[in-house]
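Prediction below, plus the sequence it came from.
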Amino acid sequence: MMLRQFLLGAAAALSMAGIAAAQQAAAPGAAPDYREVKDEKLVVQPFNLTVDQIDDMDVHAGGGEKIGEIDEVLMNAAGQPVAVTVEAGGFLGIGAREVILTLDQLRLDGQRFVTSLTRAQVEALPQWND
């Protein structure tokens with residue numbers, strides 16, 4: 001009986017540790033060293049567009065639904081552009097939040113960006129708190 005209780009307790013502890021690890025892993029892009037790119041003339045690769053050109057561009061889901069628009073370009077600690085913030089959710093701008101999309105989650109399609117993520121997935125991304 002005591003062995004069973006011990007095993008159940010150990011299983012519960014391992015389960016909680018797995019949940020905590022999954023929660024930490026589920027927050028890509030929430031790195032505290034992201035900073036807003038201030039140089040509007042900086043070219044963002046792989047899109048070959050400047051920060052100024054990317055600002056306010058629309059972001060759509062793969063099916064064509066508009067998700068939001070780019071508000072800021074973010075860089076890592078090395079000064080390389082690695083992500084953008086997208087104002088998503090809400091209604092007529094009320095209740096919208098800025099979420100972080102990494103550049104590898106976007107592709108350029110004419111004058112807009114497209115992501116393979118759904119609206120719900122984008123709205124669940126880490127929030128940018130500038």
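Structure received. Residues are numbered from 1 along each chain as shown.

Endpoint to endpoint, stretch 89-99 covers what distance?
Using Cα to Cα, to the nearest Å, the span of stretch 89-99 from its first residue to its last is 10 Å.

now stretch 44-62
Length of stretch 44-62, first residue to last, Cα to Cα: 22 Å.

How about stretch 38-55?
End-to-end distance for stretch 38-55, by Cα to Cα: 12 Å.

Then stretch 100-109?
End to end - Cα to Cα - stretch 100-109 spans 19 Å.

now stretch 35-55
End-to-end distance (Cα to Cα), stretch 35-55: 15 Å.

Which residue ranges make up the domains of this protein?
Structural domains of the chain, as assigned by automatic domain parsing, span the residue ranges 1-29, 31-123.

Would you map the helices across this structure?
Counting by DSSP state H, the chain has helices at residues 2-25, 51-54, 119-123.

pLDDT on the first one, on average?
The one in question is helix 2-25. Taken as a whole, helix 2-25 has an average pLDDT of 41.

try stretch 64-74
In this model, stretch 64-74 carries a mean pLDDT of 93.

buried stuff in it?
By neighbour count with 16 or more other Cβ atoms under 10 Å, stretch 64-74 contains the buried residues 67-74. From N, CA and C alone the C-beta is placed, and that goes for glycine too.

Among those, name the ones in strands.
Within the buried residues of stretch 64-74, residues falling in strands by DSSP state E are 67-74.

Of these, which is the nearest to Ala83?
Leu74 (4.3 Å; Cβ to Cβ).

For that closest one, which residues are in contact?
Going by Cβ atoms under 8 Å, 6 or more residues apart in numbering, Leu74 touches 34-37, 81-85, 100, 128.

Likewise for Ala88?
59, 67-68, 96-99, 119, 122-123.

who's in contact with stretch 114-130?
Applying Cβ under 8 Å, 6+ apart, the contact partners of stretch 114-130 are 27-30, 34, 36, 59-62, 65, 67-68, 72, 74, 85-86, 88-89, 97-101, 105-108.
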